[in-house]
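In: just need the structure, nothing else, for what follows:
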Amino acid sequence: MRAFLSSILVLAAVFAPGIAQAETVYVSNEKGNSITVIDAATLQVSATWPIGKRPRGIILSRDGKYLYVCASDDNAVQVIDRATGKVIADLPSGEDPEQFALSPDGRMLFAANERDAAVTAIDIAKHVVAWQVDVGVEPEGMAVSPDGRIVVSTSETDDSVHWIDTATHKDIAQTAVGARPRHAEFTADGKALWVSSEIGGGVQIIDTATRAVTATIAFEPPGVFKDKVMPVGIRFTPDRKTAVIALGRADALAIVDVASAKVLSYVPVGRRVWQVGIAAAGGHVFSANGLSDNVSVVDLATQKVIATIPAGKAPWGVAIAP
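Out: This is a model prediction of the structure:
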């Protein structure tokens, strides 16, 4: 009986909501040319890895073995072996890759190349550029539809979203959004696309069937001047019911109900929060705070910061791996 009860307690701990079990958080440090590695269970830095110049976008490979990082000033996407922390390959890209998205099958990376005003499709296994398509000026945000048929790119200067057909490699449509769009995120069912507009101060929700904006979420964190509200990163919780949005120089996160598109609350974090990551259990949010050189850990249940972790210079992107 004692052994049985012990087993039950162990299982309860493993599956308790909000507890990060053996997860690792990776933070790209834009001005530090490094990645900060954080143990999500202890909330302690376990390593710092030197990488290429001006790392920004960061994403996990589908098999979990590698990290892909946009080394913007090296004009490359670097492949990092998670087991060793070493850069094992530089994938070719256009000039100044900012962010990227991974195809559902994990075979292709789609990079936004700011200085090229183009999106580059990279064949990961072959280490070659498969194709490239011109888009609007200063592309940054990237997302792939759940079925892999559409890639979207946000063009900061054009204030628009470009819709790219992955079969024809054509820019097939554009949708006007708020000023300086920075990030795009599809909902799990692919029926909507959320786009943050940094200078516009809001998030546009786009119906993917019509490619028309159906709603705009505005933000009014208490005590923050309107011109400081500059939304960038968007992430959905694992149950897809809640969105967490980084509000840039407002130094806060917005917690949003996805179904109603209503802001539920604001959580103050570090300075100039850029991107966020959410633990697999859905309980903890990790925010990259670019001007305070740290990471805030937010408990979604209490909507409070429970830890502040030092990072490198100008933390930018967040990826979380099991």
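In: check contacts around residue 147.
Out: Residues counted as contacts of residue 147 (Cβ atoms under 8 Å, 6 or more residues apart in numbering) are 104, 190. (Glycine included, C-beta is placed from N, CA and C.)
In: doesn't it fall inside a helix?
Out: No. Judged by DSSP: H, G, I helix; E, B strand; the rest coil, residue 147 forms no part of a helix; its state is coil.
In: for it, give me the pLDDT.
Out: The pLDDT attached to residue 147 in the predicted structure is 97.
In: just use 41 as the starting number from now, easier for me
Out: Sure, I'll start numbering at 41, so the last one becomes residue 187.
In: how much space separates it from residue 199?
Out: Separation of residue 187 from residue 199 (Cβ to Cβ, to the nearest Å) stands at 27 Å.
In: again with residue 169
Out: Taken as Cβ to Cβ, the spacing of residue 169 relative to residue 199 amounts to 28 Å.
In: when those two are compared, which one has more neighbours?
Out: For residue 169 against residue 199, the residue with the higher neighbour count under other Cβ atoms under 10 Å is residue 199, and the figures read 19 against 15.
In: any figure for the gap between the more buried one and residue 258?
Out: Here the distance between residue 199 and residue 258 works out to 17 Å (Cβ to Cβ).
In: same question for residue 281.
Out: When distance is defined by Cβ to Cβ, residue 281 is 21 Å away from residue 258.
In: tally of neighbours for residue 131?
Out: By the criterion of other Cβ under 10 Å, residue 131 has 22 neighbours.
In: show me what counts as buried in the helix or strand harbouring it.
Out: Assigning secondary structure by DSSP states H and E places residue 131 in strand 126-132. Within strand 126-132, the residues that qualify as buried by neighbour count (16 or more other Cβ atoms under 10 Å) are 127, 131.
In: list of residues touching it?
Out: Strand 126-132 is contacted from outside by 89, 91-92, 106, 108, 111, 114, 116-121, 149, 162, 164, 167-169, using Cβ under 8 Å, 6+ apart.
In: quick one: strands adjacent to it?
Out: Strand 126-132 has the following sheet partners, assigned by DSSP bridges: strand 116-121 (antiparallel).
In: just the CA trace of the strand it pairs with, in CSV.
Out: As requested, C-alpha coordinates have been extracted for strand 116-121 and formatted as CSV (Å, rounded to 0.1, in the frame of the first residue of the first chain):
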residue,chain,number,x,y,z
ALA,A,116,22.6,32.5,-42.0
VAL,A,117,20.4,30.2,-40.1
GLN,A,118,22.5,28.3,-37.6
VAL,A,119,21.8,24.7,-36.6
ILE,A,120,22.8,24.0,-32.9
ASP,A,121,23.1,20.5,-31.5
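In: worst-scoring helix or strand of this protein, pLDDT-wise?
Out: helix 42-55 (a mean of 35; mean pLDDT, DSSP states H and E).
In: can you name the next helix or strand after that one?
Out: Next in sequence after helix 42-55, counting helices and strands by DSSP H and E, comes strand 64-69.
In: elements contacting that next one?
Out: If contacts are counted by 3 or more Cβ pairs under 8 Å, 6 or more residues apart in numbering; DSSP states H and E, strand 64-69 sits against strand 74-79, strand 95-100, strand 324-329, strand 355-361.
In: any chance of these in JSON lines, plus mean pLDDT, mean neighbour count and distance to residue 141?
Out: Shown next, in JSON lines, are those (pLDDT from 0 to 100; neighbours: other Cβ atoms under 10 Å; distance: least, Cβ to Cβ, whole Å):
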{"stretch": "strand 74-79", "mean pLDDT": "98", "mean neighbour count": "22", "distance to residue 141": "19"}
{"stretch": "strand 95-100", "mean pLDDT": "97", "mean neighbour count": "24", "distance to residue 141": "8"}
{"stretch": "strand 324-329", "mean pLDDT": "98", "mean neighbour count": "28", "distance to residue 141": "18"}
{"stretch": "strand 355-361", "mean pLDDT": "98", "mean neighbour count": "24", "distance to residue 141": "13"}
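In: quick one: closest of those to residue 215.
Out: strand 95-100 (21.7 Å; Cβ to Cβ).
In: neighbouring strands of the next helix or strand after the closest one in the sheet, and parallel or not?
Out: Toward the C-terminal end, the helix or strand that comes next after strand 95-100 (DSSP H and E) is strand 106-111. Using DSSP bridges, strand 106-111 pairs in its sheet with strand 95-100 (antiparallel), strand 116-121 (antiparallel).
In: what's in contact with strand 106-111?
Out: The contact list for strand 106-111, computed with Cβ under 8 Å, 6+ apart, reads 66, 68, 75, 91-101, 117-122, 128, 130-131, 133, 137-140, 142, 149, 151, 357, 359, 361.
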